[in-house]
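Colleague: have a look at this fold, sequence not included:
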């Protein structure tokens, strides 16, 4: 099968391709998951369940907690560790009821003035027929709209794999951070390669073209900070990773604390308006 001309400028990656190594680290089976961070970075966490409309979605966990003895609302996408947990958590792919649960918690946080911290780690929203029937796209769209209007500080952190709208539905924040070896992209490298080159085996090329690493996205102005990981990746030293995460959340909350409710909304609006603004009109 012929390859599109657009691929000609991309040379074949070497086995030690550093971009693909980061993709693999983002998906490492021993990497800390959302509940690991919630248990070690936050205290007094109480998980809330259900969207008050259909069901509870175990792919999204969340509830009130404390950070440095300050009340916050923490919400995360949880993939599960072993096979049983992955099946229970749907491999971290939320359904509409998961996003509606997250929105219920965010509105509750806004009502009571609690800052919100979201932890993004999903290959994408669940694409099954049942999810589409219950309004998957609508649930994501509503989250994007309502998160833009929240009158409290919002910090989103990509802890592993931030996939497409499934991650962005929890990612409309005043500050967006990424762990050093996490990835954040509109599509997975495999799916991108299957669409562009009709060959999922070209995933290495797709990964480089997508500019999905933390350093790339920091340079593009998509995220605000890269959180360092221990040598070898977060899975090599969970405690050190938790400390780095805590320091980033602490700094973010301190930075946003002086802003009024109206300023927080405007700050978030201006942040996303500036994205992809690579051209300017001549004066």
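Modeller: On my side now, so go ahead. This one's a predicted model, so the numbers in the text were calculated from it and none came from an experiment.

Colleague: state which helix of this protein is the longest.
Modeller: Assignment by DSSP state H gives helix 238-256 as the longest helix of the chain.

Colleague: any buried residues in that one, and which?
Modeller: If you call a residue buried by 16 or more other CB atoms under 10 Å, then helix 238-256 has these buried ones: 238, 241, 242, 244, 245, 246, 248, 249, 252, 253, 256. No exception for glycine: its C-beta is placed from N, CA and C like everyone else's.

Colleague: likewise stretch 162-172?
Modeller: Under 16+ other CB under 10 Å, the buried positions of stretch 162-172 are 162, 163, 164, 165, 166, 167, 168, 169, 170, 171, 172.

Colleague: identify the farthest-apart pair in the residues you listed.
Modeller: 163 and 172 (15.7 Å; CB to CB).

Colleague: circling back: between the buried residues of helix 238-256, which is nearest residue 122?
Modeller: In terms of CB to CB, no member of the buried residues of helix 238-256 lies closer to residue 122 than residue 245, at 17.8 Å.

Colleague: ok, now which ones touch the closest one?
Modeller: Residue 245 sits next to 37, 41, 157, 159, 179, 227 when contact means CB atoms under 8 Å, 6 or more residues apart in numbering.

Colleague: most neighbours among those residues, which one?
Modeller: Within the contacts of residue 245, most neighbours by other CB atoms under 10 Å means residue 157, with 29 neighbours.

Colleague: now do the SS call for that one.
Modeller: For residue 157, the assignment made with DSSP: H, G, I helix; E, B strand; the rest coil gives strand.

Colleague: kindly report the same for the one 5 residues further on.
Modeller: Secondary structure assignment for residue 162 (three-state DSSP): strand.

Colleague: I'd assumed residue 218 was in contact with residue 211.
Modeller: No: look at residue 211 against residue 218 with CB atoms under 8 Å: they stay out of range, at 10.7 Å.

Colleague: what mean pLDDT does stretch 116-131 have?
Modeller: For stretch 116-131, mean pLDDT rounds to 96.

Colleague: can you give me the distance of residue 233 to residue 172?
Modeller: For residue 233, the distance to residue 172 equals 28 Å [CB to CB, to the nearest Å].

Colleague: quick one: contacts for residue 31?
Modeller: Neighbour list for residue 31: 25, 159, 160, 233, 234, 235 [criterion: CB under 8 Å, 6+ apart].

Colleague: for residue 131, state which of the residues you listed is nearest.
Modeller: Each of the contacts of residue 31 was scored against residue 131 by CB to CB, and residue 160 proved nearest at 21.1 Å.

Colleague: now do the helices in the chain.
Modeller: In the chain, the helices defined using DSSP H lie at 18-26, 34-41, 83-88, 96-111, 129-133, 136-149, 164-168, 189-196, 203-210, 214-219, 238-256, 261-274.

Colleague: hang on, the earlier thing: narrow the contacts of residue 31 to those that are buried.
Modeller: 25, 159, 160, 233, 234, 235.

Colleague: let me have those residues in JSON lines, extended by distance to residue 269 and pLDDT.
Modeller: As requested, those are exported to JSON lines (distance: CB to CB, whole Å; pLDDT from 0 to 100):
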{"residue": "25", "distance to residue 269": "33", "pLDDT": "95"}
{"residue": "159", "distance to residue 269": "25", "pLDDT": "97"}
{"residue": "160", "distance to residue 269": "28", "pLDDT": "96"}
{"residue": "233", "distance to residue 269": "35", "pLDDT": "94"}
{"residue": "234", "distance to residue 269": "32", "pLDDT": "95"}
{"residue": "235", "distance to residue 269": "36", "pLDDT": "95"}
